[in-house]
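Peer 1: next input, structure requested:
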Amino acid sequence: MELVDAPMIVRREFIRLLGGIAAAALPLPAFAQQGTIPVIGYLGAESPALFASRLKAFHAGLATLGFVEGRNLAIEYRWAEGDNDRLPALASELVRGNVAVLATPGSLAAALAAKRATATIPVVFETGADPVATGLVAGMRQPDGNVTGVTSLNAAVGGKRLELLHELFPGARSFALLVNPSNPRNAEATVADLQVAAKTLNRELHVLNASMESELESAFAGLAKLQAGGLVIANETFFANRSEQLAALARRYTVPAVHQAREFAVAGGLMSYGGSVAESHGQAGIYAGRILKGEKPGDLPVVQVTKVEMVVNMKAAKALGITVPLAMLGRADEVIE
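Peer 2: Predicted coordinates:
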């Protein structure tokens, strides 16, 4: 993906089209005296096209509180285009713009950049990582400070993804894990969690790294030499927004792989297992709206999404020569024939 020299400001008309939200405008008591509408600063780790489903859910959450962009709400967008190194500068730019809320749905790196950029402007995150362990908040029930948000369980169920591969390949002596080293907090936590899971299963875990698109194919190509039974793709924004590319590589190199995103299985990957994007990003929008109405982020407990979805692609299984147990199919939320 090409990087741009200046922050990308997405046209509001385009974002409204992505959101597809139609709701009546409601008065904004908190901003009525100033005669202005509130502004949300949206810090995205990737691009608006890759974040389309997340943006739609975020707008839907805002709409439940009566906030509709272009009517009674403005949103300033900044996109890092896949380069986490750009996030601190983009976060600082939004802070200098005196936004009412800084939203960072879908990226731990973006959330951490926002937290470092301001101690006063409310920050609403959505992440699959543990927000306490990663330093985003002091506690789940009482986050304190200016930061709160949603955790989607995607990191917490990493071990379960490994168990699913083991269920399919009980005779495999090792499995592989793909992480993004440019997001070290997330990568280190994921490796630690899956090493525990692998030890419990008495299996070896090979760790592969990829932080650029050019490194993805090398990671898949190297799997054959490892003789791993399958690949767990880490919960990571860089991977989540490249589900179709990852599915294509899994098909090309005949790799049984499990990923967090449903899009991965739909695109031809073997399996996905992860939290509901619609639920987690919608809740982030709800929290942003509640803060705009006057609630304090420190008083809003971090929400943990409870809905986890498993999708199995039977076409992919057949191409890989895999017989999926009926018990697993019975547990799946969706089976792609």
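Peer 1: so what's Leu300 up against?
Peer 2: Pro143, Thr148, Tyr287, Arg290, Ile291 (CB atoms under 8 Å, 6 or more residues apart in numbering). To be clear about C-beta, it is placed using only N, CA and C from the backbone, and glycine gets the same treatment.
Peer 1: for Lys315, see how far away Ala267 is.
Peer 2: From Ala267 over to Lys315 the distance is 11 Å, taken as CB to CB, to the nearest Å.
Peer 1: so between these two, which is more surrounded?
Peer 2: It is Ala267, of Ala267 and Lys315, that has more neighbours when counted by other CB atoms under 10 Å, with 20 against 12.
Peer 1: surely Leu87 meets Glu93?
Peer 2: No: using CB atoms under 8 Å, Leu87 is not in contact with Glu93; the gap is 10.6 Å.
Peer 1: looking at these two, which one has more neighbours?
Peer 2: A side-by-side neighbour count of Leu87 and Glu93, using other CB under 10 Å, places Leu87 first with 24 against 15.
Peer 1: that one: what's it in contact with?
Peer 2: Counted by CB under 8 Å, 6+ apart, Leu87 has contacts Leu43, Ala45, Ala80, Ser107, Ala109, Ala110, Ala113.
Peer 1: what do you get for Asp144?
Peer 2: By CB under 8 Å, 6+ apart, the neighbours of Asp144 are Val137, Ala138, Gly298.
Peer 1: per-residue pLDDT, the closest residue to Pro256 other than its chain neighbours?
Peer 2: In this structure, Pro256 finds its nearest non-sequential neighbour in Gly230, 4.0 Å apart by CB to CB, 6 or more residues apart in numbering. If you check Gly230, the pLDDT there is 96.
Peer 1: please identify the helix or strand for the spatially closest residue to Tyr253 that is not a sequence neighbour.
Peer 2: Nearest non-adjacent residue to Tyr253, counting by CB to CB, 6+ apart: Phe220, 4.5 Å away. If you go by DSSP states H and E, Phe220 is part of helix 213-221.
Peer 1: make a markdown table out of the contacts of Leu300 and add secondary structure and distance to Glu204.
Peer 2: Listed next are these as a markdown table, based on DSSP: H, G, I helix; E, B strand; the rest coil; distance: CB to CB, whole Å:
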| residue | secondary structure | distance to Glu204 |
| --- | --- | --- |
| Pro143 | coil | 38 |
| Thr148 | strand | 39 |
| Tyr287 | helix | 41 |
| Arg290 | helix | 46 |
| Ile291 | helix | 46 |
